[in-house]
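1. just to be clear, the model below is a prediction. Sequence and coordinates:
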Amino acid sequence: MDIKAENITVTIEGKDVLKGQSVHATPGETLAFVGPSGCGKTTLLNVLGLLRRVDGGQVHVGGRDATRWDDRRRRRFWQQHAAFVFQDYGLIDEESVEYNVALSQMPIFGLVKRHRAGIESALDRVGLVGRAGEKVSTLSGGEKQRVGLARAMFRSADVIFADEPTASLDLDNRNLVTLFLQEEAARGAAVIIATHDEALIKACDVSLRLGSAVVAKPRLANPAEGYSD
Ligand SMILES: Nc1ncnc2c1ncn2[C@@H]1O[C@H](COP(=O)(O)OP(=O)(O)OP(=O)(O)O)[C@@H](O)[C@H]1O
């Protein structure tokens, strides 16, 4: 699913955090927003995820003008098409790993067998197999981040929004997150990331330095040939 922002302006407390910003996220591609702290990466991510309204410009989702969608239509987009991987994990600490992975897809009468198999497979992919019943509050930061990834995998979303997904993780977990985001793009998702992580930026197909031009990474036969933004 395409997400396109055109000529976006966001003004917060009299300051133009974004001014005339345009960007296009396409299926099958990882797109990173980069730039110094405070340049508006999170704000733009939230605009594309329909979490923040704009003061100017337009947002198109799957070819439709979503700029003024009401809460009901935005909620439908979040439930049917989007997955969010946030730095603060966005988990319910007092609930189990399984509950958090299934969150928002939970049928009224609880989990059915089909869901349990999908949850176990997502937990397997993030190295948390057999941990479904544990309470999230007992997990480490890296483990919580991986529960967030498992939830995004379980959703198999059309668009993945990731805000600083590798911040405060160790190398193994950073690599896991990077691989996950690349795999989701390879599956056909549009993957949109706000990050300071140079390794993650290099692994993305396209980077947008806020306030400047889009840099498209040439698709190299051998990724080791290098790329610099
Ligand atoms: N709710 C808010 N109230 C006041 N100012 C805000 C609010 N949200 C964002 N801002 C300001 O907007 C600017 C952009 O914030 P944003 O979080 O998008 O930047 P960022 O590039 O993601 O920064 P970082 O890399 O530090 O996460 C900052 O100057 C921030 O202080």
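-> Received it, and whenever you're ready, just let me know what you need.
2. going forward, measure contacts and count neighbours with C-alpha atoms only.
-> OK.
3. gap between the residue nearest the centre of the chain and residue 122?
-> By C-alpha atoms, centre = their mean, the chain has its centre lying nearest to residue 161, at 2.0 Å. Using C-alpha to C-alpha, to the nearest Å, residue 161 is found at 18 Å from residue 122.
4. residues in this protein within reach of the ligand, list them.
-> When proximity is defined by C-alpha under 6 Å from any ligand atom, the chain lies next to the ligand at 12, 17, 36-43.
5. repeat that for 5 Å
-> 37-43 (C-alpha under 5 Å from any ligand atom).
6. now, of those residues, which are buried?
-> By neighbour count, with 16 or more other C-alpha atoms under 10 Å, those hold 39-43 as buried.
7. save these as CSV, and put in distance to residue 178 and secondary structure too.
-> Formatted as CSV, those follow (distance: C-alpha to C-alpha, whole Å; DSSP: H, G, I helix; E, B strand; the rest coil):
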residue, distance to residue 178, secondary structure
39, 23, coil
40, 22, coil
41, 18, helix
42, 18, helix
43, 22, helix
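8. mind putting these into JSON lines with pLDDT?
-> Output for those, formatted as JSON lines (pLDDT from 0 to 100):
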{"residue": "39", "pLDDT": "91"}
{"residue": "40", "pLDDT": "93"}
{"residue": "41", "pLDDT": "94"}
{"residue": "42", "pLDDT": "93"}
{"residue": "43", "pLDDT": "95"}
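9. which one among the residues you listed gets closest to residue 51?
-> Taking C-alpha to C-alpha as the measure, residue 51 sits nearest to residue 43 out of those, at 9.1 Å.
10. so what's the closest one up against?
-> Contacts for residue 43 (C-alpha atoms under 8 Å, 6 or more residues apart in numbering) come out as 17-18, 52.
11. for residue 122, same thing?
-> Residue 122 neighbours (C-alpha under 8 Å, 6+ apart): 150-151, 153-154.
12. just the ones of these in helices?
-> 150-151, 153-154 (DSSP state H).
13. and stretch 184-197, which residues are buried?
-> For stretch 184-197, burial by neighbour count (16+ other C-alpha under 10 Å) applies to 184-185, 188-196.
14. check stretch 122-141 too.
-> Neighbour counts using 16+ other C-alpha under 10 Å place 122-123, 125-126, 128, 131-132, 135-136, 141 of stretch 122-141 among the buried residues.
15. for the protein, which helix is longest?
-> helix 171-187.
16. so which residues make contact with that one?
-> Contacts for helix 171-187 (C-alpha under 8 Å, 6+ apart): 27-30, 126, 142, 146, 149, 153, 165-166, 190-191, 200, 203-204.
17. would you map the helices across the chain?
-> With DSSP H as the criterion, the chain has helices at 41-48, 71-81, 97-102, 113-125, 141-155, 171-187, 198-203.
18. any chance of the ones you listed in a markdown table, plus distance to residue 2?
-> Output for the helices of the chain, formatted as a markdown table (distance: least, C-alpha to C-alpha, whole Å):
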| stretch | distance to residue 2 |
| --- | --- |
| helix 41-48 | 10 |
| helix 71-81 | 11 |
| helix 97-102 | 25 |
| helix 113-125 | 25 |
| helix 141-155 | 18 |
| helix 171-187 | 12 |
| helix 198-203 | 20 |
